[in-house]
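Peer 1: fold the following for me, if possible:
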Amino acid sequence: METVKAFMQRKNIVISARRYGIDALGAMAQGLFCSLLIGTILNTVGSQFHIGFLTAEVIAINGVGYTIGGMASFMSGAAMAVAIGYALQAPPMVLFSLATVGYACNALDKAGGPLVVLFVAIIAAECGKAVSKETKIDILVTPIVTTLIGIGAAWVIAPPIASAASAFGRLIMRATELQPFLMGILVSVLVGVALTLPISSAAICFVLGLTGLAGGAAVAGCCAQMVGFAVMSFRENGWGGLVSQGLGTSMLQMPNIVRNPKIWIAPTVTSAVTGPLATCLFRLEMNGAAINSGMGTCGLCGQLGVWTGWLSPSEQALANGAAAIVPGAMDWAGLLLISFVLPAVLCPLVNQLCRKAGWVKDGDLTLAG
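Peer 2: Predicted coordinates for the structure are as follows:
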């Protein structure tokens, strides 16, 4: 046993919830952002503003033409796998081989998806790390082992994992349609909490394919956390804190939450209010790429997702019955109120009550550094 432990330590193979559930998952979301999300934004901007070089097909693969944005989205599997390998501190030969593995996850029987890429890339990366630099022909052995194990794992586990994740996501979306009030609260609170925790709410939403009303509730929860924390901590953190939390991430407050969990009450209560307002009153749907559902106001990606979903729904949203619309005044009002206005008003009010109760004190929301 000690020999195995020493070998894994030497190879930097750490089997832990943090390494796989936080580091790898968070990196996967970044890979998604740099491929699928950027591709969606480029395609939407190009089509809506009639930008020629963004709408032109630059390459054809198997008779299918792709724009610049289409190519970025096309490489999402490879981007996710390489990002995961980077988070696992894979050596170069393993890291580069993961591009093929990630592409295979999305290509095999069209059963790919982020959850499949996560599992397969972890398996391939750790096996590749285990054999890396163990032979004199490492330049052959490491990429061959990484590629064969990765593609083999994808072939075996991609269809069932993708089907299970898709089914669970459809269940959540269907439940939100049937019970918009209760599910609006549940989805908004849980996804918002996930966004502030050191895990990836964006990856979770994309894994589950959350679009439609459920996606709208997720956007509401994320905005409540980000804008809520940013505004209610303004007197401690000023404009820098407002921007870093409101357009960056509320995860910056995690050290403060660990010291005093009660500072989390205000944004969480806010998400429990804005979630059902999004689903029941404004019927806010997020029909862009599902990753946007878990982005909130980070780079305004949640709002861009809603906008792209209005004009050109994603494939996932179309499969779930979405259709392009011309947004009206109520749609825009709902997006602005849910994303910015209500969190900026409600969260400080609730936090003021917490201050009066003695649960939150001056300095509790001050960001480190």
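
Peer 1: rest of the way, CA atoms for contacts and neighbours
Peer 2: Noted.

Peer 1: just the strands in this protein please.
Peer 2: For the chain, the strands defined by DSSP state E occupy 59-61, 64-66.

Peer 1: pLDDT of the first one, averaged?
Peer 2: If I follow you right, that is strand 59-61. Regarding strand 59-61, the rounded mean pLDDT is 84.

Peer 1: ok, and what's touching stretch 255-268?
Peer 2: Applying C-alpha atoms under 8 Å, 6 or more residues apart in numbering, the external contacts of stretch 255-268 come out as 189, 192-193, 221, 224-225, 228-229, 343, 347-348, 350-351, 354, 359-360, 364-367.

Peer 1: circling back to that earlier point, which of the strands of the chain sits closest to V94?
Peer 2: With C-alpha to C-alpha as the measure, strand 59-61 is the member of the strands of the chain nearest V94 (26.6 Å).

Peer 1: list the contacts of that closest one.
Peer 2: So strand 59-61 is in contact with G65, Y66, T67, going by C-alpha under 8 Å, 6+ apart.

Peer 1: give the contact list for the first one.
Peer 2: Contact partners of G65, counting by C-alpha under 8 Å, 6+ apart, are E57, V58, I59.

Peer 1: make it 10 Å
Peer 2: G65 sits next to A56, E57, V58, I59, M71 when contact means C-alpha atoms under 10 Å, 6 or more residues apart in numbering.

Peer 1: kindly report the same for the last one.
Peer 2: By C-alpha under 10 Å, 6+ apart, T67 lies in contact with 39, 42-43, 46, 53-60, 73.

Peer 1: try the second one
Peer 2: Contacts of Y66 were listed using C-alpha under 10 Å, 6+ apart, and they are T55, A56, E57, V58, I59, A60, A72, S73, F74.

Peer 1: one more: G77?
Peer 2: By C-alpha under 10 Å, 6+ apart, the neighbours of G77 are 28, 31-32, 35-36, 83, 98-107, 112-114, 116-118, 121.

Peer 1: how near is the residue sitting nearest the centre point of the chain to S76?
Peer 2: Geometric centre of the chain, nearest residue: A202, 1.4 Å, by C-alpha atoms, centre = their mean. Distance, A202 to S76, by C-alpha to C-alpha, to the nearest Å: 14 Å.

Peer 1: just checking, the residue nearest to the centre of the chain touches T297?
Peer 2: No - the criterion here is C-alpha atoms under 10 Å, and A202 misses it with T297 at 11.7 Å.

Peer 1: now the contacts of T67 as JSON lines including distance to G275?
Peer 2: Shown next, in JSON lines, are these (distance: C-alpha to C-alpha, whole Å):
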{"residue": "G39", "distance to G275": "28"}
{"residue": "L42", "distance to G275": "29"}
{"residue": "N43", "distance to G275": "29"}
{"residue": "G46", "distance to G275": "32"}
{"residue": "F53", "distance to G275": "39"}
{"residue": "L54", "distance to G275": "35"}
{"residue": "T55", "distance to G275": "36"}
{"residue": "A56", "distance to G275": "39"}
{"residue": "E57", "distance to G275": "39"}
{"residue": "V58", "distance to G275": "41"}
{"residue": "I59", "distance to G275": "42"}
{"residue": "A60", "distance to G275": "42"}
{"residue": "S73", "distance to G275": "29"}
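
Peer 1: quick one: those residues as TSV, columns for neighbour count too.
Peer 2: Shown next, in TSV, are the contacts of T67 (neighbours: other C-alpha atoms under 10 Å):
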residue	neighbour count
G39	23
L42	19
N43	23
G46	19
F53	11
L54	19
T55	21
A56	16
E57	16
V58	14
I59	13
A60	11
S73	22
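
Peer 1: and which of the residues you listed is nearest S16?
Peer 2: Among the contacts of T67, S73 lies closest to S16 (C-alpha to C-alpha), at 30.3 Å.

Peer 1: that closest one contacts T40, doesn't it?
Peer 2: Yes - S73 is in contact with T40 according to C-alpha under 10 Å; the separation is 7.0 Å.

Peer 1: quick check: neighbours shared by the two?
Peer 2: F33.

Peer 1: quick one: residues contacting the nearest residue to A24 once chain neighbours are set aside.
Peer 2: Distances taken as C-alpha to C-alpha, 6 or more residues apart in numbering place I84 nearest to A24, at 4.9 Å, with adjacent residues excluded. In this structure, I84 makes contact with 20, 23-31, 78, 90, 95, 98, 102, 117-119, 121-122, 125, judged by C-alpha under 10 Å, 6+ apart.
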